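> got a structure for you, letters missing:
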C-alpha cells in the first residue's frame, strides 16, 4: 500500500475554497427562502423568521420598556401579544427603517373601549435611531422602545429584504 502525501499548501487551498464556497451558498440560500411567518418570543427577547414552520433566522431584540404583559393602552410602553400582520413599511423612519405591525386588531380595540382607554398604535419592527446606532447588537441588552421591536440596522436591512407585505407576525409572552 502506497502512502499519498498531500502538500500542506494544497490542503490549505482546498479548505479555504470550501469555506468560501459554503459561505456564498448560505448567503444566497436565505435570500431564496420564502419567509411566511415571523414569531416573537418576548420572554426570550428573540424574533424568528419562519418558512413552513422552520426557523430560518433568529434575532436578539429589544422591546418596550415595560415588556411584561399585553399592550392595553397608548403610552404603556408594552409590546403587544397576539397575531398581527406586517402591513406597511417606512424606509425613512427616525429609527432607520421600520415595518409596521397591524396593532391594534379588533380584539385590542374592543378591550380598550371596555377599559375606556386609547389602544395606541404605530407598533413597528425597526432599526436604531442615529443617536444610538453605534450600539449595534448591544442595544438588545435593554428594553428601551415605546412598545416596538428593535433590531440593529444591519439586521433591519436583512429583515427588510426577506419580509413581504402581508406576512403574519405572532407575538407571544
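Here it is on my side, so go on. Keep in mind it's a predicted model, so treat the numbers as computed, not measured.
> how about the nearest residue to residue 86, chain neighbours excluded?
Using CB to CB, 6 or more residues apart in numbering and skipping residues adjacent in sequence, the residue nearest residue 86 is residue 167, 4.7 Å away. In this view, the C-beta of every residue, glycine as well, is placed from N, C-alpha and C.
> Next up, the contacts around the one you found.
The contact partners of residue 167, taken as CB atoms under 8 Å, 6 or more residues apart in numbering, are 35-38, 85-86.
> and after the worst-scoring helix or strand of the chain on mean pLDDT, which helix or strand comes next?
When the helices and strands of the chain are compared on mean pLDDT, DSSP states H and E, helix 8-32 comes out lowest with a mean of 49. Going down the chain from helix 8-32, the next helix or strand is strand 37-41, by DSSP states H and E.
> Can you point out the buried residues in that next one?
37-40 (16 or more other CB atoms under 10 Å).
> Could you identify the most distant pair in those?
37 and 40 (10.6 Å; CB to CB).
> got any residues that touch both of these two?
In contact with both residue 37 and residue 40: 169-170, using CB under 8 Å, 6+ apart.
> Can you show me the strands along this structure?
37-41, 46-51, 54-60, 82-93, 96-101, 124-126, 149-150, 167-172 (DSSP state E).
> Throw those strands into JSON lines and include mean pLDDT, thanks.
Listed next are those as JSON lines, based on pLDDT from 0 to 100:
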{"stretch": "strand 37-41", "mean pLDDT": "98"}
{"stretch": "strand 46-51", "mean pLDDT": "98"}
{"stretch": "strand 54-60", "mean pLDDT": "97"}
{"stretch": "strand 82-93", "mean pLDDT": "97"}
{"stretch": "strand 96-101", "mean pLDDT": "98"}
{"stretch": "strand 124-126", "mean pLDDT": "98"}
{"stretch": "strand 149-150", "mean pLDDT": "98"}
{"stretch": "strand 167-172", "mean pLDDT": "98"}
